[in-house]
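Chemist: Let's see this in three dimensions:
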Amino acid sequence: MTNSPPILFDRVRLRKRRARTAAQFTTHDFLLREAAASLADSMAHFNYAFPTIVELGSHTGQLADMLRKRQGTEHYIQCDLALEMLQQSKGMRIVADEEWLPFLDNSVDAVVSVGTLHWVNDLPGTLAQIYRMLKPDGLFLAILPGTETLRELRQVFAETDAARYDGISPRISPFLDIRDAGALLQRAGFALPVADSDLLTISYENLFALMHDLRGAAQQNMLQKPLQHFTPRRWFMDAANRYAEIFSDSENRISATVELITMTGWKPAENQQQPAKRGSGKISFLDALN
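Modeler: Next up is the predicted model:
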């Protein structure tokens, strides 16, 4: 009997796909840049200096371009699973696996990540490692896709499978549920944990344009267990027609939902702000309404 987490994702395949897409990644990074801008905006609200920042899953430098010149930043370290991704960027770079972080305890002031941690097999374990490497009062801030991401594609693939095969195949990787995000931060020991969610709607010409973007961004299905049968082109044509039938707009373009979950947590420190104790308020809620 083992307590090891289940191996859902094939990280060897993930590394190979990230390496393969690195050279042309910027032609498919619009969503990553959107998420990176959101994280950078969140960082701007913190009136703190973070001298040493580590980014996990830095891709080709989208977030680094926004944060490395932040006031008070002395060292910005980019980490990625694929060397080829890092070669497209500049500055301090380390080839590193998010499941095995090569940093000393209490050594960095902030850990940030965009669009990467959803591929980690043991997210609680990775969060525990991040917690250990942060200094007291250090910040963890990450954005990753939530369960609403690609909900239309998931539905269409399931319906197409049901119509053609006897059963449904796992064609889209699972994503984090917003209801679990805050609990995971608390479990890792973070103080002042916050999990927020934003929904975006993206339009594409058709299903094949959407899938082209997913491949270009190395965001295809990374499940460890492959499909048990070959998928013919006719299957994809049926899926494309079904998608257009259900989820097309007035301009005959299809819609795709993306949920971005922002996770924020701080490593506890003696001088850190504490949430007010329950029942410590001085003003009645009813009085405030009058």
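Chemist: And the nearest residue to Pro5 once chain neighbours are set aside, how far from Glu99?
Modeler: If you skip the residues right next to it in sequence, Pro5 has Asp122 as its closest partner in space, 4.2 Å away by C-beta to C-beta, 6 or more residues apart in numbering. Every residue, glycine included, has its C-beta placed from N, CA and C. Look at Asp122 and Glu99: by C-beta to C-beta, to the nearest Å, they are 6 Å apart.
Chemist: Which parts of the stretch 101-250 of the chain are helices?
Modeler: Taking DSSP state H, counting those that start in this stretch to define them, one finds helices in the stretch 101-250 of the chain at 123-133, 151-164, 178-188, 207-216, 233-247.
Chemist: Turn the ones you listed into CSV, including distance to Glu84, mean pLDDT and mean neighbour count.
Modeler: Written out in CSV, the entries for those read as follows (distance: least, C-beta to C-beta, whole Å; pLDDT from 0 to 100; neighbours: other C-beta atoms under 10 Å):
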stretch, distance to Glu84, mean pLDDT, mean neighbour count
helix 123-133, 22, 98, 19
helix 151-164, 27, 93, 18
helix 178-188, 30, 96, 17
helix 207-216, 14, 96, 17
helix 233-247, 28, 96, 16
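Chemist: centroid residue for this protein?
Modeler: The chain has Leu144 as the residue nearest its centroid, 2.0 Å off, counting by C-alpha atoms, centre = their mean.
Chemist: Surely that one and Ser113 touch.
Modeler: Yes: when contacts are counted by C-beta atoms under 8 Å, Leu144 is listed as touching Ser113 (7.4 Å).
Chemist: Identify the residues contacting Asn206.
Modeler: Neighbouring residues of Asn206 by C-beta atoms under 8 Å, 6 or more residues apart in numbering: 240, 243-244, 254.
Chemist: from the residues you listed, which is closest to Leu210?
Modeler: Top of the list for closeness to Leu210, among those and by C-beta to C-beta, is Ile254 at 6.9 Å.
Chemist: in the sheet, who's paired with the closest one?
Modeler: Counting by DSSP bridges, Ile254 is bridged to Tyr204, Ser248.
Chemist: can you check the one 10 residues further on too?
Modeler: For Thr264, the residues forming beta bridges with it (DSSP bridges) are Leu141, Val194.
Chemist: rewinding a little: tabulate the contacts of Asn206 in a markdown table, adding columns for distance to Asp137.
Modeler: Shown next, in a markdown table, are the contacts of Asn206 (distance: C-beta to C-beta, whole Å):
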| residue | distance to Asp137 |
| --- | --- |
| Ala240 | 51 |
| Tyr243 | 47 |
| Ala244 | 51 |
| Ile254 | 46 |
